[in-house]
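*Asks:* Here's my sequence, what's the structure:
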Amino acid sequence: GGDSGGRTSMEHSEVSVLERTEKGTTATLVAEAPQSPAHLLENEAHHKVGEEGAGVAEKEPGVLDKAGGMLKNVVSLYDGVGANIMKEGPSSAVYLGIYESIKLVLLSSYPAWNPLYVYLISGAAGELFGSVLRSPSEAIKTRLQAAGDLTTKEAIDAVIFSAEGRAQTFRAWQATLWRDIPMGAVQIALFEGIKTYIIEEPHISFDVTTLQGEALVGAFAGMVGAFITTAPDIVITRINLASKMGKENVSATDIAHEIYREEGVMGFTTGIVERTLYWGPAIGIFLSAYCSIRQFFLPHL
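*Replies:* Numbering: from 1, shown residues only. Next up is the predicted model:
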């Protein structure tokens, strides 16, 4: 947040990493629940194409047709919401805690640096640490959503307690760095940069320090970040589905070559609309909720 209109910026040295992490966890809970339907549709797009490419699934209706069918049972739109919160909650909390701590150090140590560079570096570092927690949770969530008859315990056993599962998760984690680090850096840099510009520009009357203003800016930042990282997201999903499709020891390079060979360049855009529409509102809610929650508790810290 900015430091206008009574709302403080994301720059309070008295706030510890743990306290920032706690606020980030709460913000994630607020952001993830209403976005579960869009996230489920995004995953359906990836799973459908991935399984068709492997010859293990019949061609299914398009995503819009699937959405119409799912609306008949509203409850089904929230399948996996718990798993998704578990995936995003801890990692997003660590992301914000590390981001703000590194940003404070860089801004105080190198005041001549362009703040945009500081936001990018800090956001990238935050996602690097957050991805360590996100990768195994994402592998578990992907297995649960791809195989409806799989229990959570069975998915955890397959991902964590089997040698092949751990190896596959590690390979997926290496690939996630190409997705999470750029997205984490770009979305927070855009959020902070746009807010700062609007606050400091006297000819713009839009109050970006309100909950609605922060949500709009955050949504735009999230959409840009999601858009530019769709390709690695597709590769990661295919890696996590590799064992189900009868493939073992596959790397991100193997998957990328396969996608290009079978589907061409457009294969790397599968689900780009669903991904962008999911992450835009999700990041908007997440960042605006975090700023509001932090501002509410800040006087007590």
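
*Asks:* contacts, neighbours, all on C-alpha from now
*Replies:* Fine.

*Asks:* residue ranges for the strands of this protein, please.
*Replies:* Taking DSSP state E, the chain contains no strands at all.

*Asks:* where does it have its least confident helix or strand?
*Replies:* Lowest by mean pLDDT, DSSP states H and E among the helices and strands of the chain is helix 17-53, with a mean of 52.

*Asks:* what are the ranges of the helices in the stretch 101-250 of the chain?
*Replies:* Under the criterion DSSP state H, counting those that start in this stretch, the stretch 101-250 of the chain contains helices at 115-146, 152-160, 163-200, 211-228, 230-240.

*Asks:* Just the CA atoms of the second one, as CSV, please.
*Replies:* Once non-C-alpha atoms are left out, helix 152-160 reads as follows in CSV (Å, rounded to 0.1, in the frame of the first residue of the first chain):
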residue,chain,number,x,y,z
THR,A,152,-5.5,-36.9,0.3
LYS,A,153,-3.4,-39.5,2.1
GLU,A,154,-2.8,-41.4,-1.1
ALA,A,155,-1.8,-38.3,-2.9
ILE,A,156,0.6,-37.2,-0.1
ASP,A,157,2.1,-40.7,0.0
ALA,A,158,2.6,-40.7,-3.8
VAL,A,159,4.3,-37.2,-3.7
ILE,A,160,6.2,-37.2,-0.5
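
*Asks:* Pull the residues that contact it.
*Replies:* For helix 152-160, the external contacting residues (Cα atoms under 8 Å, 6 or more residues apart in numbering) are Pro136, Ala139, Ile140, Arg143, Leu144, Gly165, Arg166, Gln168, Thr169.

*Asks:* these two touch, right, the fourth one and Ile239?
*Replies:* No: contact status for Arg143 versus Ile239: not in contact, 11.1 Å apart, counting by Cα atoms under 8 Å.

*Asks:* Comparing these two, which shows the higher neighbour count?
*Replies:* Under the criterion of other Cα atoms under 10 Å, the comparison of Arg143 against Ile239 puts Ile239 first, with 29 against 23.

*Asks:* Need the nearest residue in space to the more buried one, chain neighbours excluded.
*Replies:* Sequence neighbours aside, Ala172 is the residue nearest to Ile239 in space, at 6.0 Å (criterion: Cα to Cα, 6 or more residues apart in numbering).

*Asks:* okay, now the one you found: neighbour count?
*Replies:* Residues lying near Ala172 (other Cα under 10 Å) number 24.

*Asks:* any idea how far Asp180 is from it?
*Replies:* Ala172 is 12 Å from Asp180, where distance means Cα to Cα, to the nearest Å.

*Asks:* That'll do, ta.
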